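Student: Just to be clear, the model below is a prediction. Sequence and coordinates:
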Amino acid sequence: MSEPLDLSTLDSALRNALSRLIITLADSKRLMGIRYSDWTLGAPSIETGVSTASMAQDEWGHARLLYAMLKGLDIDPGPVEYDRSGAEFASIAPLDHERGDWAGLVALMALADGALSTMLRSFAVGRVELAQNRVPKMLAEEEYHASLGSAWYRRLAETEGEARDLLTSASEEMLPALLAWVGADDASARAMVDAGVIDPAEDRLAAFRNAVRDLVSLVGINVDAVHAATDWDEARGRTGGRPDEEACERARGDRNRALLVE
């Protein structure tokens, strides 16, 4: 493994790029937790509801660890975590809105959570020591999410009728935004690649496509033929749009601010 970066010596461009990556990962983890929690009481079985509650807890724990990494860049994570509007959130686009059916959540579990893990693996083997130390535990916990997501994806893909159609539609909707994010090759992404923070775009894309290829083929999707979305927002490090404000209020903990304990 290469020598760790001295974060105190980063130029402004690389510092901003790294903070963008950390915030996008942390915001996405926070919103992923919200989307899992939406289904704690509506899952197909009690056992599955318990699983979504557990996964929501994992994601929120991961988010807190990621936000805390900002301290290494001399950025106070408090305002980032609690004081931004939905328009400022950098979470990946498939998390913007609540999924209205279980098939949509399964697609999130298998594809969006899978994209997050792809980026975290790349970050963990890069030159940021905080990521080297903290991300492997997150990835170990993500193995259960991947296993459950894959099992449910296969189960719904093997059915005939509405459940399979909903799964197909959700997958087709999510993949372009996820491919654009995982394969980002803008100036910020290139700065991080050059500094050894993350892998090159083509390697990240190959890893994600390899991870989901067999799953999405079950609903007739060839991931190698799917084009990345083009509405890239370099400032936030995601495709266009924004998460719904109600989810952001929950993510910030607005109603429980008086009870916040650090």
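Tutor: Sure thing, it's come through. Numbers count the residues shown, from 1 in each chain.

Student: what about the spatially closest residue to L10 that is not a sequence neighbour, distance to D74?
Tutor: Among residues not flanking L10 along the chain, L18 sits closest, at 7.0 Å (CB to CB, 6 or more residues apart in numbering). No exception for glycine: its C-beta is placed from N, CA and C like everyone else's. As defined by CB to CB, to the nearest Å, L18 lies at a distance of 12 Å from D74.

Student: So which of these two has more stuff around it?
Tutor: L18 (27 against 9; other CB atoms under 10 Å).

Student: for the chain, what spans make up the helices?
Tutor: 12-37, 46-69, 77-82, 102-107, 113-124, 129-157, 162-182, 187-194, 201-217, 245-252 (DSSP state H).

Student: Need the winner for burial among those helices.
Tutor: helix 102-107 (a mean of 24; mean count of other CB atoms under 10 Å).

Student: my guess is G253 meets G78, correct?
Tutor: No. Between G253 and G78 there is no contact under CB atoms under 8 Å: 11.9 Å.

Student: Could you tell me the model confidence score at N256?
Tutor: If you check N256, the pLDDT there is 68.

Student: Ok, G86 next?
Tutor: For G86, pLDDT reads 88.

Student: Let me see the contact set for the closest residue to it other than its chain neighbours.
Tutor: Excluding its sequence neighbours, the residue lying closest to G86 (CB to CB, 6+ apart) is C248, at 4.1 Å. Taking CB atoms under 8 Å, 6 or more residues apart in numbering, we find C248 in contact with R84, S85, G86, F89.

Student: Now render those residues as JSON lines, adding neighbour count and distance to M138.
Tutor: Formatted as JSON lines, the contacts of C248 follow (neighbours: other CB atoms under 10 Å; distance: CB to CB, whole Å):
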{"residue": "R84", "neighbour count": "16", "distance to M138": "22"}
{"residue": "S85", "neighbour count": "11", "distance to M138": "27"}
{"residue": "G86", "neighbour count": "17", "distance to M138": "25"}
{"residue": "F89", "neighbour count": "24", "distance to M138": "20"}
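
Student: Between these, which sits nearest G126?
Tutor: F89 (24.1 Å; CB to CB).

Student: how far away is the closest one from R242?
Tutor: When F89 is compared with R242 (using CB to CB), they lie 6 Å apart.

Student: So what's the residue count around G161?
Tutor: Around G161 there are 7 residues (other CB under 10 Å).

Student: State the distance from it to R154.
Tutor: Counting by CB to CB - G161 and R154 are separated by 16 Å.

Student: Please look at A195 and L14 and confirm they touch.
Tutor: Yes. Judged on CB under 8 Å, A195 makes contact with L14 at a distance of 5.6 Å.

Student: Can you pull up the most central residue in this protein?
Tutor: For the chain, L116 is the residue whose C-alpha lies nearest the centre (CA atoms, centre = their mean; 3.7 Å).

Student: Adding mean pLDDT, write the helices of the chain out as CSV.
Tutor: Output for these, formatted as CSV (pLDDT from 0 to 100):
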stretch, mean pLDDT
helix 12-37, 96
helix 46-69, 94
helix 77-82, 93
helix 102-107, 96
helix 113-124, 97
helix 129-157, 95
helix 162-182, 97
helix 187-194, 97
helix 201-217, 98
helix 245-252, 89
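
Student: Out of the ones you listed, which gets nearest to R236?
Tutor: Nearest to R236, of the helices of the chain and by CB to CB, is helix 12-37 at 7.1 Å.

Student: Just give me how far stretch 224-232 sits from the chain centre.
Tutor: Counting by CA atoms, centre = their mean, to the nearest Å, stretch 224-232 is centred 17 Å from the centre of its parent chain.

Student: can you check stretch 244-256 too?
Tutor: 18 Å.

Student: Just the CA trace of that stretch, in CSV.
Tutor: Taking Å, rounded to 0.1, in the frame of the first residue of the first chain, the C-alpha atoms of stretch 244-256 are listed here in CSV:
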residue,chain,number,x,y,z
ASP,A,244,-37.0,15.4,-1.0
GLU,A,245,-37.0,17.9,1.9
GLU,A,246,-38.9,15.6,4.3
ALA,A,247,-36.2,13.0,4.1
CYS,A,248,-33.5,15.6,4.6
GLU,A,249,-35.3,16.9,7.7
ARG,A,250,-35.3,13.3,9.1
ALA,A,251,-31.6,12.9,8.1
ARG,A,252,-30.7,16.1,9.9
GLY,A,253,-32.8,15.1,12.9
ASP,A,254,-34.6,18.5,12.9
ARG,A,255,-37.4,17.3,15.3
ASN,A,256,-35.0,16.0,17.8
